[in-house]
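Engineer: following is a predicted model, sequence given first.
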Amino acid sequence: MIFYHIEFAKIGHSVTGGEVCMLELIKHFASLGYRNVLLTTDNGEQTYRKELGDMPLVEYRTINSYALEQKFGALGSYVLRTFKALRFVAHLTLQPDDVVVCHSDFFPNAIPAWLLNRHNPRVRSVNFFHMKAPRLFFGYEGEFANVPHRPTVKLLHYRLNQWLYRMLTFRGTLIATVNPYYKPYLRRRYPHNKIKVLEHFGGARIPQAAADKRYDVMWLGRFHPQKGIGDLALVIQHLALAKPDIKVVIVGDGTPGARQQFEQQLETLGVRGNVELAGFVGGDKKFAYLAQSRVFVMTSYYESFGIVVLEAMACGLPVVAYDLPVYGVFGTGISRVTLGDHQALALKALRLLQDEPAYRLLQEQATQVAKHHSWEQTGDELLEALYV
């Protein structure tokens, strides 16, 4: 049996939460002796090799798209690479016991996955559903806050992608999702498909040795309004007013413009000296930063699951976040405040830094929640769903 993993929608060289899921599943399936063929782009192969190394039973079959991405932008590249991907998969012949796994709902994945399944109707197939696109007139920032926002072309594009994904999904395809929050929605949208909620989804590589706590607070994510990057600067300002020597590490990055705007906001608020900007890091480096931090702060306005929340919990960090319904998957170990109340978020983090019993209680809860999740169990759940 061979797993064919489709990720032709790869952009740039960073790694998203959905890609982390794909890579961890590949590791697990390879450890069980299954071959994995990763159908991706040239820049995808470069990125994934760094994460997987020279792992046995993992092969790459790629199309060239990164030059197109740089020349025509993401959308133009998406159109051109889709034609390349269609020509590529049209020549693949799969065996009846093979499995096609489509890892995201963007059309450079959905259309080739449809063709591969159509040409090989006896194979099993899995379509991942990681996140529901927000309402067009509310967007990422307004969906859970129930505050209207002007619609954007990018959001319209995302919603159209999800519509096409549904239209191209065969009835025999398993729909795998990461959060029980999505199950009622998926039952309505995919009434003829089997829906599998991966109950143990996620995991983390916990550092072996305790690290010195160099940082009071850590934040991780993209510099994007969806992640509440503007709120983060205000949270840091509130923290610094109460604790002038507060040390904050920010792991992640964005466009040069977004990074410059954020740095300027920190300067204006007088807290640039409290912040270390680590940039984008992955793998062991990311977990090293987690191990060196005391409290994890999450300012996102919209998430599908919150894989970074789980990674922080696994490293023993209590989490303070805005109250999003998708975080119900965690239960305990996370302290939530009203969405958009950055002052309340800062006060919660500050209390944990100053109140040792409260800190230890939330830390223990977080550690217990993290033990419920593992990539190995995630992979086993998916295998069981495919063969039951």
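Structural biologist: Looks like it arrived, so ask away.

Engineer: list the contacts for the nearest residue to residue 252 once chain neighbours are set aside?
Structural biologist: Once flanking residues are discounted, residue 252 sits nearest to residue 221: 4.8 Å by CB to CB, 6 or more residues apart in numbering. Bear in mind the C-beta positions are built from the backbone N, C-alpha and C, glycine included. Residue 221 makes contact with 227, 229, 252, 298, 300, 308 under the criterion CB atoms under 8 Å, 6 or more residues apart in numbering.

Engineer: likewise for residue 322?
Structural biologist: 228, 298-301, 336-341, 345.

Engineer: would you agree residue 69 is in contact with residue 42?
Structural biologist: No: under the criterion of CB atoms under 8 Å, residue 69 makes no contact with residue 42, lying 9.8 Å away.

Engineer: ok, back up a step: tabulate the contacts of residue 322 (CSV), appending secondary structure, distance to residue 234 and pLDDT.
Structural biologist: Below are the contacts of residue 322 laid out as CSV (DSSP: H, G, I helix; E, B strand; the rest coil; distance: CB to CB, whole Å; pLDDT from 0 to 100):
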residue, secondary structure, distance to residue 234, pLDDT
228, coil, 10, 93
298, strand, 14, 96
299, coil, 9, 97
300, coil, 15, 96
301, coil, 14, 96
336, strand, 18, 96
337, strand, 13, 97
338, coil, 14, 96
339, coil, 14, 96
340, coil, 10, 94
341, coil, 10, 96
345, helix, 9, 97
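
Engineer: just the buried members of those?
Structural biologist: 228, 298-301, 336-337, 339-340, 345 (16 or more other CB atoms under 10 Å).

Engineer: out of the contacts of residue 322, who's nearest residue 377?
Structural biologist: Closest approach between those and residue 377, by CB to CB: residue 298, at 23.7 Å.

Engineer: find the residue closest to the closest one in space, skipping its chain neighbours.
Structural biologist: residue 321 (3.6 Å).

Engineer: this structure: strands as residue ranges?
Structural biologist: Under the criterion DSSP state E, the chain contains strands at 2-7, 35-41, 58-63, 99-102, 124-129, 174-177, 195-197, 215-220, 248-251, 275-279, 293-298, 319-322, 334-337.

Engineer: measure how buried the nearest residue in space to residue 10 that is not next to it in sequence is and give me the count.
Structural biologist: In space, and not counting its chain neighbours, residue 10 is closest to residue 44: 3.7 Å by CB to CB, 6+ apart. Neighbour count for residue 44, taken as other CB atoms under 10 Å: 24.

Engineer: any idea of the pLDDT on residue 44?
Structural biologist: For residue 44, the pLDDT comes out at 96.

Engineer: who are the neighbours in contact with it?
Structural biologist: 7-8, 10, 38, 62.

Engineer: make TSV from these and add distance to residue 97 to it.
Structural biologist: TSV is the format used below for these (distance: CB to CB, whole Å):
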residue	distance to residue 97
7	22
8	24
10	27
38	19
62	24
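
Engineer: what's the longest helix in the protein?
Structural biologist: helix 66-89 (DSSP state H).

Engineer: could you pull up the mean pLDDT of that one?
Structural biologist: For helix 66-89, the per-residue pLDDT averages 94.

Engineer: that one: which residues count as buried?
Structural biologist: Quick answer for helix 66-89 (16+ other CB under 10 Å): 66, 68-69, 77-78, 80-82, 84-86, 88-89.

Engineer: distance check, the closest residue to residue 157 other than its chain neighbours against residue 271.
Structural biologist: Closest residue in space to residue 157, ignoring its immediate chain neighbours: residue 75 at 7.2 Å, by CB to CB, 6+ apart. Computed as CB to CB, to the nearest Å, the residue 75 to residue 271 distance reads 37 Å.
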